[in-house]
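have a look at this prediction, sequence included:
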Amino acid sequence: MTTTTRRPTSRIDTGSPGYADNVEANVALATTLAERLRYAIDGGPGRQRSIDRHLGRGKIMVRDRIDMVIDEGSPFLEFSTLAGYGQHDDADGNDTVPGAGIVTGIGLVHGVPYVFIANDATVKGGSLVPMAIKKHVRAQDIADENDLGVIYLVDSGGAFLPLQDEIFPDKDHFGGSFYRQARLSAKGLPQLSVVLGGCTAGGAYVPALSDEVIMVEGIGRIFLGGPPIVKAALGEIVDADDLGGAALHTRVSGVSDEIAATEAEAYGRLRRWCEDTNQRRIDDPTGWLDVVESEPPAFDPEELYGIVSADDRIPFDATEIILRLVDASRFRAFKPEWGTSIVCGFARIHGHQVGIIANNGIIFSESALKATHFIELCEQRRVPLLFLQNTSGYMVGSDSEAGGIAKNGAKMVAAVANATVPRYTVLIGGGYGAGNYGMCGRGFQPRFLFAWPNSRLATMSAETAQTVLVDIRLAGMRGAETTEEEVAAMRAEVGEQFTTQSDPYYATSRLWDDGLIDPVDTRDVLGLCLALAARQPEPEPGRKIVYRM
């Protein structure tokens, strides 16, 4: 007996004018994203002096440091490259704190994935602004959930004191990073530091809380209070190296475990240390998830540019997106003829099985129930979930309310919240209102959340907000006379606010995602994320019963 696999089909006409218009618009968005990422990495004209000073001290640029640690030719998945975007611009519009002055991401060392947290000393001397702390803490949370060790490349001037109230006291501020570091170590996840510059005040605890520490002679320093503070407090005048240099802490205090003459030597030693950490490789065959050989999609991922609508008011078919992300474009849809405003089904991405939930617009009652049923199936079968989010939210109106949209939407939200399998989210379009929550938005803590440069994120669209908020304002004025010009001004003000705040760069600047990505890179990014879950020990069993919704 032989079986045949039905060849996947697509309804996309790549020769149509609409497709060409979409390509033009989305390629332009991808080009803008690439330019802004390059600016964050290279820095603008105002940063060159800091870079020259950094290199003049014999130091290496932060991403080159990471490249010297990770396996040659292996990928580095960087998080939130545009953190802080637009929040620290000078009078000329230049970003003075690109990337929030810190680089985080995942790289392989001897085939083992590690989270990297590396200060960029060319940005405010490595001082930590509020978004740098948020980015640091987010990277530690990723390490925790994915069972990854952390490598800290420390070159920091400590907290940016003018903003100390946004850095110091709260649970997810600087103290929260120490708390997480101690708990990661207790969990058996290696915490390894290389000290390449200053570690002052609270920053001293990053290496001090590490399992093992290397300091580079001549540039690495650790002290709770630097020479100015010591002089002010004690009247003692002391050289920085004598106070907290590599020789002192390696040979006298014992804060450091080894001393290296150069950065290159330090990274060679760090790689040797990583061989002894007893961590699972990225390709560990004893992981809990089923993995088969990867196959490329049958349809070119570049066609995503032509599928995503240039006008975000025009819907696009989620199934066509899926066919360009998954192995061999094979996708088994679940309940394909019911609740069609949500697409659910099983596929593989780089050999990893995944259950996909994707929006075809607004979420109706039957769509919410379909998604809930599918989530329970994946929970029972221990299949990771991928949410491809593009929705204006749950359906409103008298018919929908009578049909139970509130309780059925709540079932979907509860199912997402209680799923114990790994969950991943990509914003491929709009993420509005409670639909963002039901599709596993940031508030529902997916393991990773990435966004496309066409995405929008807000309680509602700018057009809807103009109607809703202006009507509320007018009602609050209790019949006071308003001119058409005044109403138009209100609408313009509301529209500008919601347009600005729903922009993907506004969102990624505030770490509401783990990074903006080019649509054509989505498959590879998800493949790495799924591989991290596959190497982990199997978690506690999920709920086995499936309620037919």
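Nice, thanks for sending it over.

what helix or strand is G355 on?
G355 belongs to strand 352-359 when elements are defined using DSSP states H and E.

now the element after that strand, going C-ward?
Downstream of strand 352-359, the first helix or strand assigned by DSSP H and E is helix 365-381.

what residues sit buried inside that following helix?
By neighbour count with 16 or more other Cβ atoms under 10 Å, helix 365-381 contains the buried residues 365-376, 378-379. Bear in mind the C-beta positions are built from the backbone N, C-alpha and C, glycine included.

stretch 404-411 now?
Buried residues in stretch 404-411, counted by 16+ other Cβ under 10 Å: 405, 408-411.

same list (these) but as CSV, adding pLDDT, distance to L449 and secondary structure.
Compiled in CSV, those are given as follows (pLDDT from 0 to 100; distance: Cβ to Cβ, whole Å; DSSP: H, G, I helix; E, B strand; the rest coil):
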residue, pLDDT, distance to L449, secondary structure
I405, 93, 25, helix
N408, 94, 24, helix
G409, 95, 20, helix
A410, 95, 22, helix
K411, 94, 22, helix
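
which pair in these has the greatest spatial separation?
Farthest pair in these (Cβ to Cβ) is I405 and K411. Separation: 10.7 Å.

give me the common contacts of these two.
Common neighbours of I405 and K411 (criterion: Cβ atoms under 8 Å, 6 or more residues apart in numbering): A368.

before we move on, the earlier item: relative to helix 365-381, how tilted is the strand holding G355?
170 degrees (axes from the mean of the first three to the mean of the last three Cα atoms, to 10 degrees).

tell me what strand 352-359 is packed against?
The contact analysis (3 or more Cβ pairs under 8 Å, 6 or more residues apart in numbering; DSSP states H and E) places strand 352-359 against helix 318-323, strand 342-349, helix 365-381, strand 385-391, helix 522-534.

show me what the first one is packed up against.
Translated: helix 318-323. Packing partners of helix 318-323 (3+ Cβ pairs under 8 Å, 6+ apart): helix 304-307, strand 342-349, strand 352-359, strand 385-391.

among the ones you listed, which comes closest to V520?
So among those, helix 304-307 is nearest, using Cβ to Cβ, at 6.2 Å.

what mean pLDDT does the closest one have?
Taken as a whole, helix 304-307 carries a mean pLDDT of 98.

relative to the whole chain's centre, how far out is that helix?
Put simply, helix 304-307 sits 23 Å off its chain's centre (Cα atoms, centre = their mean, to the nearest Å).

and the gap between D471 and M477?
Counting by Cβ to Cβ, to the nearest Å, the separation of D471 from M477 is 11 Å.

let me redo that: A410
35 Å.

before we move on, back to that, tabulate the helices and strands packed on helix 318-323 (a markdown table), appending distance to L234 and mean neighbour count.
Formatted as a markdown table, the helices and strands packed on helix 318-323 follow (distance: least, Cβ to Cβ, whole Å; neighbours: other Cβ atoms under 10 Å):
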| stretch | distance to L234 | mean neighbour count |
| --- | --- | --- |
| helix 304-307 | 62 | 24 |
| strand 342-349 | 59 | 23 |
| strand 352-359 | 58 | 25 |
| strand 385-391 | 57 | 26 |
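
out of these, which gets nearest to I70?
Comparing the helices and strands packed on helix 318-323 by Cβ to Cβ, strand 352-359 comes nearest, at 21.7 Å.

which one's the longest strand in this protein?
strand 423-432 (DSSP state E).

partners of that strand in the sheet?
Using DSSP bridges, the strands paired with strand 423-432 are strand 385-391 (parallel), strand 448-451 (parallel), strand 456-458 (parallel).

what would those strands look like in TSV with distance to F331 and mean pLDDT?
As requested, the strands paired with strand 423-432 are exported to TSV (distance: least, Cβ to Cβ, whole Å; pLDDT from 0 to 100):
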stretch	distance to F331	mean pLDDT
strand 385-391	12	97
strand 448-451	20	98
strand 456-458	26	93
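
please, where are all the helices along the stretch 401-549 of the chain?
Ranges of helices within the stretch 401-549 of the chain are 405-418, 433-438, 462-476, 484-501, 504-509, 522-534, based on DSSP state H, counting those that start in this stretch.
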